[in-house]
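> prediction below, plus the sequence it came from.
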Amino acid sequence: MESIQKDDFYRKALEAAEFIRGKLKVQPEAGIVLGSGLGPLVNEMEDTTEIAYSDIPNFPVTTVEGHSGVLIAGRLGGRPVLAMKGRFHYYEGYEVSQVVFHIRVFKLLGLDKLIVTNAAGGVNKNFKPGTLMLIKDHISFFSPSPLRGKNADEFGVRFPDMSEAYSRELIDLARAAAEVSGTDIQEGIYAFTKGPMYETPAEINALRILGADAVGMSTVPEVITARHAGMKVLGISCITNMAAGILNQPLSHEEVMKTAKEVEGMFMRLVKAIVEKL
């Protein structure tokens, strides 16, 4: 996918949205972005239509293991949703405008709610691999803003408010869904870093001092873009490993995928219960 200039961003997003709209059976009510190892949620969807990212005009393609690169429309918990099985990352070499392209497309498709999920490293020492964490806020100082450059006026204002990046209404809804589904959840602050290298122990210690409970290489650019466009956002992290220096052992993507596999049942039960309440 070629780099997108601000002047034709809206046109390119509209082309992608119109293509997708032509494939939909019903109007989706929410978008879901699935992180590393969390894609099996789509197996719970019914009456599905799959669209490869490579078939969508102007869409990026994902290059990361555990990200299938398929957009799936269907029903989850009886509600029509549009799910991204795999996302795009700044570390893959994309411009930040490309990393969030799908969020703008979601908005043009009429979606006003977004559930973003990720695999994250645990910074809070009270967490353990397999913990599910509702994101209540984030820290992001480490890469260009997805809103950098000429403002996309079709989507939102030049200086959007981020005091409620993650919807308190949806967090309350998720808490209720967790109780109904018998799912143990935590809440915390997610820190975004550029990757693809894992953070150093000193960096993790600094993030803990700043108030972070988890760390990862995605999600925040999507959330900023969604809030700019007036969408309500719910974020869920699956703590797949403890961050560098906590257990004094090396980190690997294989560990991330293994833990995500072990908790997929609990994760799917929670997200399905949340969607049912939207």
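Done, it's in.
> pairing partners for the host helix or strand of Ala83, with directions?
In this assignment (DSSP states H and E), Ala83 forms part of strand 79-85. When sheet partners are counted by DSSP bridges, strand 79-85 sits next to strand 30-34 (parallel), strand 70-76 (antiparallel).
> now the ones you listed as JSON lines including mean pLDDT?
Formatted as JSON lines, these follow (pLDDT from 0 to 100):
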{"stretch": "strand 30-34", "mean pLDDT": "95"}
{"stretch": "strand 70-76", "mean pLDDT": "94"}
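> can I get these in TSV with mean neighbour count and distance to Glu169?
All C-beta spots, glycine's among them, are computed from the backbone N, C-alpha and C. Below are those laid out as TSV (neighbours: other Cβ atoms under 10 Å; distance: least, Cβ to Cβ, whole Å):
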stretch	mean neighbour count	distance to Glu169
strand 30-34	26	13
strand 70-76	21	19
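> distance to Pro40 for the ones you listed - can I get that in JSON lines?
Rendered in JSON lines, the data for the strands paired with strand 79-85 read as follows (distance: least, Cβ to Cβ, whole Å):
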{"stretch": "strand 30-34", "distance to Pro40": "9"}
{"stretch": "strand 70-76", "distance to Pro40": "12"}
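> closest to Ser97 out of the ones you listed?
Closest of the strands paired with strand 79-85 to Ser97 is strand 30-34, at 16.7 Å (criterion: Cβ to Cβ).
> where does the most far-flung residue of the chain relative to its centre land on pLDDT?
Among residues of the chain, the one most distant from the C-alpha centroid is Asn248; the distance is 28.3 Å, by Cα atoms, centre = their mean. At Asn248, the model reports a pLDDT of 73.
> distance of it relative to Pro201?
9 Å (Cβ to Cβ, to the nearest Å).
> what sits in contact with each of these two?
Common contacts of Asn248 and Pro201 (Cβ atoms under 8 Å, 6 or more residues apart in numbering): none found.
> nearest to Asp172, out of the strands paired with strand 79-85?
strand 30-34 (16.2 Å).
> got the contact list for that closest one?
41-42, 76, 79, 81-87, 102-103, 106, 111, 113-117, 219, 222, 271, 275, 278.
> repeat that with 6 Å
41, 81-85, 87, 106, 111, 113-117, 278 (Cβ atoms under 6 Å, 6 or more residues apart in numbering).
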